[in-house]
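Colleague: Turn this into a model:
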Amino acid sequence: MTTVEGTCDPAFSGVRDVFERNFAEGRELGAAVAVYVGGRKVVDLWGGVADHRTGREWTAGTPCFGFSCTKAVTATAALLLAERGAYDVDGPVTDWWPEYGAHGKEGTTAAHLLSHQSGLPAFARPVSAEEAADAPARAAELAAQEPEWTPGEAHGYHALTYGWLAGEIVRRLSGGRTVGEFVRDEFTGDLDLWIGAPDEVIERAAKLRASRPRRPTESADEPAQGATSDAREGKPAARDESVLSRMASAYTDPASRLNRALNNPSPGKGGYNNPVVLRAGWPSAGMLATAPGLAGFYRDLVAGRILKPETLREAIKPRVSGPDLTLLVDSSFGLGYMRPSKTFFTPAAGRESAFGHTGAGGSIGMGDMEADLAVAYLPNLMGDQLSGDLRAYGLVEAAYASL
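Modeller: Okay, the predicted model is just below:
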């Protein structure tokens with residue numbers, strides 16, 4: 001039986017109960033969860049195995065790959081530059097990136113880049129992990145590419161290209177710094193959070209392990225890809241089998257937008273354990289962090305220590321909501337942050353005010369300005385959901401219930 005370690009305020013024992021139950025029911029290999037309320041750390045728990053091959057245990061300082069939780073950090077960097085007057089979020093990208101106007105993209109705004117509206121959800125050719133490490137080259141490649149829809153007229157999740165689009169805001173307007181360099185210089189320097197990690201961090205990081213793939217029609221005790229979220233109750237509802245079938249078909253079709261967006265660039269040998277990816281720090285899905293590190297980012301964001309409160313409130317307003325041309329379900333985004341939707345399960349208590357980002361393996365980072373709440377959960381046993389993993393949902397629900 002896995003022993004859960006760490007600290008938990010008695011008022012938040014419900015979070016510990018959910019976390020321990022996930023291990024007891026075989027849902028976890030190794031994982032960590034952290035919660036801040038009012039700037040105070042009330043939950044810091046971890047347990048299980050960081051490396052299934054060696055049996056290395058998860059410790060308080062074990063970083064884990066956060067997949068698309070990275071996007072919220074990248075977006076925050078871009079928004080900080082806008083707040084400082086470096087560019088106009090609703091102005092044309094070509095004001096500071098002239099080459100981007102190719103193939104009718106001259107009307108694209110920075111807001112389109114930040115809210116998955118730019119029409120560039122995938123590269124037009126296969127890109128290797130080694131090539132993906134060259135951020136300026138990948139940004140230039142996207143600038144020269146034809147959009148798949150008219151920018152601003154629809155939205156579709158830019159699973160990987162998002163990082164080189166939003167990240168170019170940072171690179172061009174911060175003196176050439178990478179996203180990883182900028183965020184450490186400006187607001188994560190005292191946190192265990194890296195976008196582009198040094199080798200000593202990579203060496204002690206948790207190793208990801210894929211879960212057993214689930215067939216679209218297979219029964220389970222939690223929704224698979226395409227699970228819906230009850231808009232009235234703010235909780236996951238029954239699976240939509242037609243959506244599941246459509247997503248399963250798209251995911252296995254190399255020509256589909258879903259497949260192309262999620263799988264190119266390829267992380268190469270070792271998948272997202274590949275040091276080439278972890279050193280490069282893809283700005284869309286390249287972050288290593290501890291749970292307190294990621295939760296600490298949201299703690300500082302909610303407290304107004306990174307962005308001004310008015311900047312954050314404007315950024316979390318939904319810019320797009322509804323059918324997602326990539327994910328094939330409804331999604332909702334502000335300027336880089338997910339809002340409650342079928343891809344961001346949120347308890348009823350937080351459905352109007354919660355924001356953040358999930359990660360494909362089951363991870364989540366989220367904040368709530370009204371509740372002064374920050375939560376992060378990082379597992380190394382990857383769930384088979386694209387987002388909206390119920391392990392994360394249960395922990396977030398328990399955190400709200402403990403307030």
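
Colleague: which residue sits closest to Ala280, ignoring its sequence neighbours?
Modeller: Nearest non-adjacent residue to Ala280, counting by C-beta to C-beta, 6 or more residues apart in numbering: Ala133, 3.7 Å away. Where C-beta positions appear, they are placed from N, C-alpha and C, glycine not excepted.

Colleague: Tell me the spacing between the one you found and Asp9.
Modeller: Ala133 sits 42 Å away from Asp9, going by C-beta to C-beta, to the nearest Å.

Colleague: before we move on, what about Met382?
Modeller: With distances taken as C-beta to C-beta, Met382 is found 29 Å from Asp9.

Colleague: Would you mind telling me which of those two has more residues around it?
Modeller: Met382 (21 against 16; other C-beta atoms under 10 Å).

Colleague: could you pull out the helices for this structure?
Modeller: 13-24, 69-83, 110-114, 129-132, 135-143, 161-173, 179-186, 199-204, 241-251, 257-263, 275-280, 291-302, 309-315, 390-401 (DSSP state H).

Colleague: Compare those helices and say which comes out lowest on pLDDT.
Modeller: Mean pLDDT across the helices of the chain is lowest at helix 241-251; the value there is a mean of 74.

Colleague: hmm, back to that, now mean neighbour count and distance to Asp44 too, for the helices of the chain, in TSV please.
Modeller: Below are those laid out as TSV (neighbours: other C-beta atoms under 10 Å; distance: least, C-beta to C-beta, whole Å):
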stretch	mean neighbour count	distance to Asp44
helix 13-24	18	10
helix 69-83	26	18
helix 110-114	27	31
helix 129-132	18	33
helix 135-143	20	33
helix 161-173	26	29
helix 179-186	22	22
helix 199-204	12	18
helix 241-251	16	35
helix 257-263	20	32
helix 275-280	20	24
helix 291-302	27	6
helix 309-315	17	24
helix 390-401	24	13
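
Colleague: Take the ones you listed and lay them out in JSON lines including distance to His103.
Modeller: As requested, the helices of the chain are arranged in JSON lines below (distance: least, C-beta to C-beta, whole Å):
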{"stretch": "helix 13-24", "distance to His103": "47"}
{"stretch": "helix 69-83", "distance to His103": "23"}
{"stretch": "helix 110-114", "distance to His103": "14"}
{"stretch": "helix 129-132", "distance to His103": "21"}
{"stretch": "helix 135-143", "distance to His103": "9"}
{"stretch": "helix 161-173", "distance to His103": "15"}
{"stretch": "helix 179-186", "distance to His103": "25"}
{"stretch": "helix 199-204", "distance to His103": "38"}
{"stretch": "helix 241-251", "distance to His103": "25"}
{"stretch": "helix 257-263", "distance to His103": "17"}
{"stretch": "helix 275-280", "distance to His103": "27"}
{"stretch": "helix 291-302", "distance to His103": "35"}
{"stretch": "helix 309-315", "distance to His103": "28"}
{"stretch": "helix 390-401", "distance to His103": "38"}
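
Colleague: Report the contact partners of the residue nearest to Cys8 when sequence neighbours are not counted.
Modeller: Leaving aside its chain neighbours, Cys8 sits nearest to Arg16 (4.6 Å; criterion: C-beta to C-beta, 6+ apart). Arg16 sits next to 4, 8, 43, 45 when contact means C-beta atoms under 8 Å, 6 or more residues apart in numbering.

Colleague: Let's see that with 7 Å instead.
Modeller: Contacts of Arg16 were listed using C-beta atoms under 7 Å, 6 or more residues apart in numbering, and they are 4, 8, 45.

Colleague: contacting residues for the residue nearest to the last one when sequence neighbours are not counted?
Modeller: Spelled out, that is Leu45. Counting by C-beta to C-beta, 6+ apart, Leu45 lies nearest to Gly6, which is 4.0 Å off, once chain neighbours are set aside. Listed by C-beta under 7 Å, 6+ apart, the contact partners of Gly6 are 44-46, 60.

Colleague: One more: His155?
Modeller: His155 makes contact with 115-117, 320, 324-325, 333 under the criterion C-beta under 7 Å, 6+ apart.

Colleague: 8 Å instead?
Modeller: 115-117, 320, 322, 324-325, 331, 333.

Colleague: Quick check: PyMOL command selecting the buried ones in these.
Modeller: In PyMOL syntax, the buried subset of these is picked out as below (16 or more other C-beta atoms under 10 Å):
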select buried, resi 115+116+117+320+324+325+331+333
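
Colleague: Inside strands: which ones of the contacts of His155?
Modeller: 320, 322, 331, 333 (DSSP state E).

Colleague: who does the third one bridge with?
Modeller: Read it as Ser331. When bridges are called by DSSP bridges, Ser331 pairs up with Gly322.

Colleague: pretty sure it contacts Phe345?
Modeller: No - here Ser331 lies out of contact with Phe345, judged by C-beta atoms under 8 Å, at a distance of 12.0 Å.

Colleague: wait, Pro283 sits on Thr70?
Modeller: Yes - using C-beta under 8 Å, Pro283 makes contact with Thr70 at a distance of 6.6 Å.

Colleague: can you list residues touching both of those two?
Modeller: Common neighbours of Pro283 and Thr70 (criterion: C-beta under 8 Å, 6+ apart): 163, 195.
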